[in-house]
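J.: quick check, what structure comes out for this input:
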Amino acid sequence: MNLDIFNRLNEKQDNKGNFIKNFIQELNDFLNKESNKDLEEYKVTVASEPNINGNFYLTFSNNNKFIKDEFVNVNDLPEGTQNHSILKYKNGKYTLDEEASKINIAEWQQIYEERANLLQQYKIDGVAYEVLAVEHLDCDPSVRLKNTVTGLDFSTKDFYKEEFFKLQEGMILQCKDGNYILPNK
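T.: Numbers count the residues shown, from 1 in each chain. I've put the predicted structure just below:
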């Protein structure tokens, strides 16, 4: 963009100071900053499995500062991209950071394993669980149970929807083969 017309006008405006010159400088600075955004490199974290439309949920950051998030189609991402992959984004292109992805995926796998081990403590075969509370929310029903041996109480959604409507406070459930068994009535 040629802004010389403003410079010539500014030269003729001796009593107005450098208003136009300052405006041109600010405009140039702004345009340069905006055009250089494509040159910046972003760390992109894949934060989901692909949804039904084949889109991954991605988060963009720069120097550990959140920039934006968006859904991007799997076809627009490098081969091998999966949940928890780390990508680099520069000049409109994604590249897979294989080393960072390997570390991040391993860390998440460890978290999932620890979670599974923790959940196993909530379902001990042969132990009775008392129903402390039942929330029959249509979109998100849950039940609060108490392990009668350890006294540990926790919330769970580990029931079929039909079973939630059969649960009542004070009911005693048995755990068998990793499932909570409702008493026969």
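J.: going forward, measure contacts between C-alpha atoms and count neighbours the same way
T.: Will do.
J.: which pLDDT value belongs to the residue nearest in space to the middle of the chain?
T.: For the chain, residue 47 is the residue whose C-alpha lies nearest the centre (Cα atoms, centre = their mean; 4.6 Å). Looking at residue 47, its pLDDT stands at 92.
J.: which strands or helices does the longest helix seen in the chain pack on?
T.: Ranked by number of residues, the top helix in the chain under DSSP state H is helix 98-120. Helices and strands touching helix 98-120, by 3 or more Cα pairs under 8 Å, 6 or more residues apart in numbering; DSSP states H and E, are strand 86-90.
J.: that older thread, which residues sit against the longest helix of the chain?
T.: Applying Cα atoms under 8 Å, 6 or more residues apart in numbering, the contact partners of helix 98-120 are 83-87.
J.: what is the nearest of the residues you listed to residue 95?
T.: Nearest to residue 95 out of those is residue 87 (Cα to Cα; 5.5 Å).
J.: does the closest one really touch residue 41, like I thought?
T.: No - assessed by Cα atoms under 8 Å, residue 87 is found out of contact with residue 41, at 10.3 Å.
J.: neighbour count winner among the two?
T.: More neighbours surround residue 87 than the other of residue 87 and residue 41, with 25 against 18 (other Cα atoms under 10 Å).
J.: just list whatever residues bridge to that one.
T.: The bridge-partner assignment for residue 87, based on DSSP bridges, gives residue 44, residue 96.
J.: contacts only, for it.
T.: 43-46, 94-97, 101.
J.: what's the neighbour count on residue 144?
T.: Counted with other Cα under 10 Å, the neighbours of residue 144 add up to 17.
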